[in-house]
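> Quick one, fold the following:
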Amino acid sequence: MKTRFLLTMMFAAIMSQGCKRAKPIEKIVACGDRTVLIVRINPDTQQGETIWQWDSPDAKDQLPAEYQNRLRSLDDCKVVNEGKQLLITSSSDAAVLLDIATKTPLFYAHVPMAHSAEMLPGNRIVVALSTHPQGNSIEVYDADKSEQALFRDSLYSGHGVVWMDKLQRLYALGFDELRAYTLKNWDTTSPELELRQTWDLPTEGGHELSFVSDHELLVTDHQGIYIFNTDTQQFSPFTLLEGIKNIKSANYYPATNQVVYTKAEISWWTHHLYSMNPEWTFTNDSIKLYKVRTFGCY
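Next up, the predicted model:
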């Protein structure tokens, strides 16, 4: 109990720092084989520490038993709702909204092959999934009320979703396309995502979508990484990671030119997190990592 309390206090101290004072490299969340990590790196020594972690056994008294298997392989994780909650997806068929301070699941749903999720206005959750009995899709849930999907739209091999608050647009990444949706009938019990535009990806194999700025997204596919500019509606190569093979996940801070990423080393998993500008590597040999995200300061 004492150890958990100290870890919680350390995490709270980091989260309480404003963006002007906090170093972006202190705000990282990564997920992988059964475990979510939040790590802090000392760029001078390149030493890192795990200051908070969670895996499915932590929820054994709070979730139905079958969720222990559904959380076996975590695919993505995002810090949401002003840093208080963590939105987790598992390709073993689950989406969970977790209170960070108490590690209490606030919402969970059985979502086949869930690859990414995002919080939408009104405490609703959208999940991108690559398979479903009714076909590949994205789905919308109400985090306050029900595990039943309120809305579903077909999207071949859904792998990423990002809400752009300034534009009031949801961007969704599929195998060979990027889509933009707006919210429709959102204050009713039958909300919808209205498709507004679709763009073909430069190459096939869409894998991850992440926020860069109010008008830019980072798109990762099997062939490379691109910046998508929502103003010009154009893709351009992301040259900072040019030449690095098997990128699995990447996040970018344009203000500091910092990139944090993972790359495949053990099949499609890794024991490392990498950073550029400043350059450092975080290693945890006991955990297979998959995706990494920065948060809190853009």
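> Contacts for whatever helix or strand D76 lives in, please.
With the criterion set as DSSP states H and E, the secondary-structure element containing D76 is strand 74-80. Contacts made with strand 74-80 from outside it, assessed by C-beta atoms under 8 Å, 6 or more residues apart in numbering, are listed as 27, 29-36, 85-91, 97, 100, 114-119, 208, 290-291, 293, 295-296. Heads up, the C-betas are built off the backbone N, CA and C, glycines and all.
> Any of these buried? List them.
The neighbour count (16 or more other C-beta atoms under 10 Å) marks 27, 29-32, 34-36, 85-91, 97, 100, 114-119, 208, 290-291, 293, 295-296 as buried among these.
> need the helices for the stretch 51-200 of the chain, in chain order.
Along the stretch 51-200 of the chain, the stretches classed as helices by DSSP state H, counting those that start in this stretch are 67-70.
> show me where pLDDT drops low in it?
Residues of the stretch 51-200 of the chain that meet the criterion pLDDT under 70 lie in 132-136.
> contacting residues for the nearest residue to A94 once chain neighbours are set aside?
Closest residue to A94 in three dimensions, ignoring its sequence neighbours and counting by C-beta to C-beta, 6 or more residues apart in numbering: R70, at 3.8 Å. Shown in contact with R70 (C-beta under 8 Å, 6+ apart): 90, 92-94, 110.
> which of these count as buried?
Among these, those that count as buried by neighbour count (16+ other C-beta under 10 Å) are 90, 92-94.
> Just the closest of the residues you listed to V162, please.
Compare each of the buried ones among the contacts of R70 with V162 using C-beta to C-beta and the shortest gap goes to S90, at 19.0 Å.
> hang on, that closest one packs against N69?
No. Contact status for S90 versus N69: not in contact, 9.6 Å apart, counting by C-beta atoms under 8 Å.
> Only the buried residues of stretch 59-67, if you could.
Of the residues in stretch 59-67, 59, 63, 67 count as buried by neighbour count, 16+ other C-beta under 10 Å.
> Please disregard the earlier target; I meant stretch 139-149.
139-143, 149.
> Ok, stretch 265-276 next?
By neighbour count with 16+ other C-beta under 10 Å, stretch 265-276 contains the buried residues 269-271, 273-276.
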